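In: what follows is a predicted protein model with its sequence.
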Amino acid sequence: MLLQIKQWESKYIRDFEVVKNGELSETQLYTKLAAMYYDYVSTNGIEPFTISYGRGQGFCVNANSHVGVIVYDDVILYIMSMIPELTLGKILYLQAQAEDVKSESEARKVLSSYLDDEETVEAVDYFVISLLNTIEDIRQNGMITEIRSTETISDRIVGRLNLQEQIKKKPAYDKFCVERTIVSADIPINQVLKAAIRKSKEVTSLEWILPLLNNAEQYFDNVSTIEEVDGNSFPRVADYTSIKRNDYEKALLFAKYILFGYDPLDGKSAAFFPEFMLDMNEVFEFYVTVGLKRIFKEGFEIKRRFTLGVGPNDIPIERKNIELDGYYNFGNKSVVLDTKNKYRSVLDRDIPDFIAANADIYQQYYYASRVNSSNIILVYPSSKKHTSPIGKYQFNFPGNKNVDLYFWALLITGTPKENKRALINLAQFIEAL
């Protein structure tokens, strides 16, 4: 049973299709959603949606900044992005790009260089690309293994001599039945990942990615090949190690998409659809700032903290501070950058008539004053290409420093090549200020 709602949308329970078509009553759906809410919040510590009472209209589901899928019993809640054309695959790819990888492997560099030239990418390929990236992480961190006991006949006693088998099988005096412990990677969690890699080679539309998939499969040479994966007994990382392994968690997520289908709306294998939840405020912020840090060789900082700057008796930074999403400070130029994951259709108009929220303007003006900067850029997500700001204010109060505030709508729904070009355009604008 699939329920759909958009990020930041408020939707009355009576307006969900399962209620409108009579499949469930309002009361029944409310009971299921309330149980889903309490189970998810208590387990994960985050609140992707709330339920409020809308008086005459009944109960209302209110989505927040998170997007993703929650599975509870027979109910799948799909919180979609409010940005047109921003699919689940693209969101997960943005998240991967937002990770600040300190030491990229050669495979990651090859993958990035090819993607920079890719004009079109199919939906499933975003998951294939993400799976390859996480396999590289697993390669660097080490594969999960288990210790198991095995019986073998050896030329010497290595391990424990199995006296009963020695007498029963009566091997020659120079042969011994021994039991020994070995470290094995041939376990279900690795078998599933190998199956996903093999399936990726069947479904991908990118010819250049096949050698990378072959290389990834070779890493699992000592793992058995399984022809069919049982969605009802899909392995979990916690079943094999108590150590937190984010690389495996993400790899299994992408494997599920590839093996069972990557779109909850097509209805295929819905019961096996993977559960995940991402805060798009965080994804967008780090996609922009980490991307710019990679483009600028020097001068750009992420999450730079300053004291409040209240005078001779300034509050110590560890007690009270301000934190800039991005700060460009090179030579005699400084720019304050802030990301705002607030999409409005006005951002994508040919002639946008956009005005930022008062609180955003006040906050950034103070930040600019604090660091003695003359330029502020507020970056918003967009589904359209822009090469210049969509708006500008100037603060020129008598007795105060003049400050320019720019609004930038950044394309994030294009191909990897288009998205990177959009980030480069932003970087060039910052550098030219």
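Out: That came through, no problem.
In: so residue 217 touches residue 197, yeah?
Out: Yes: if you go by Cβ atoms under 8 Å, residue 217 and residue 197 touch, sitting 4.9 Å apart. No exception for glycine: its C-beta is placed from N, CA and C like everyone else's.
In: more crowded one of those two?
Out: A side-by-side neighbour count of residue 217 and residue 197, using other Cβ atoms under 10 Å, places residue 197 first with 25 against 18.
In: the more buried one - that's part of a helix, no?
Out: Yes: according to DSSP: H, G, I helix; E, B strand; the rest coil, residue 197 belongs to a helix.
In: mind listing the strands in the stretch 51-200 of the chain by residue range?
Out: 59-63, 66-72, 75-80, 146-154, 160-161, 176-184 (DSSP state E, counting those that start in this stretch).
In: the stretch 251-400 of the chain too?
Out: Under DSSP E, counting those that start in this stretch, the stretch 251-400 of the chain gives strands at 276-279, 300-306, 322-330, 333-339, 375-382, 391-395.
In: from what I see, residue 3 and residue 74 are in contact.
Out: No: the criterion here is Cβ under 8 Å, and residue 3 misses it with residue 74 at 11.0 Å.
In: for stretch 249-261, output the C-alpha coordinates as PDB.
Out: C-alpha atoms of stretch 249-261 as PDB (Å, rounded to 0.1, in the frame of the first residue of the first chain):
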ATOM      1  CA  GLU A 249      24.700   0.000   5.000                       C
ATOM      2  CA  LYS A 250      24.700   2.100   1.900                       C
ATOM      3  CA  ALA A 251      25.900  -0.700  -0.400                       C
ATOM      4  CA  LEU A 252      23.000  -2.900   0.700                       C
ATOM      5  CA  LEU A 253      20.600   0.000   0.100                       C
ATOM      6  CA  PHE A 254      21.800   0.500  -3.500                       C
ATOM      7  CA  ALA A 255      21.900  -3.300  -4.000                       C
ATOM      8  CA  LYS A 256      18.200  -3.500  -3.100                       C
ATOM      9  CA  TYR A 257      17.300  -0.800  -5.600                       C
ATOM     10  CA  ILE A 258      19.200  -2.600  -8.400                       C
ATOM     11  CA  LEU A 259      17.900  -6.100  -7.500                       C
ATOM     12  CA  PHE A 260      14.300  -5.300  -6.800                       C
ATOM     13  CA  GLY A 261      13.500  -2.200  -8.800                       C
END
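In: buried residues in that stretch?
Out: 250-261 (16 or more other Cβ atoms under 10 Å).
In: low-confidence ranges in the stretch 201-350 of the chain?
Out: 262-274, 346-347, 350 (pLDDT under 70).
In: can you list the strands of the stretch 251-400 of the chain in CSV and add mean neighbour count?
Out: Putting the strands of the stretch 251-400 of the chain into CSV (neighbours: other Cβ atoms under 10 Å) gives the following:
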stretch, mean neighbour count
strand 276-279, 18
strand 300-306, 16
strand 322-330, 19
strand 333-339, 22
strand 375-382, 23
strand 391-395, 13
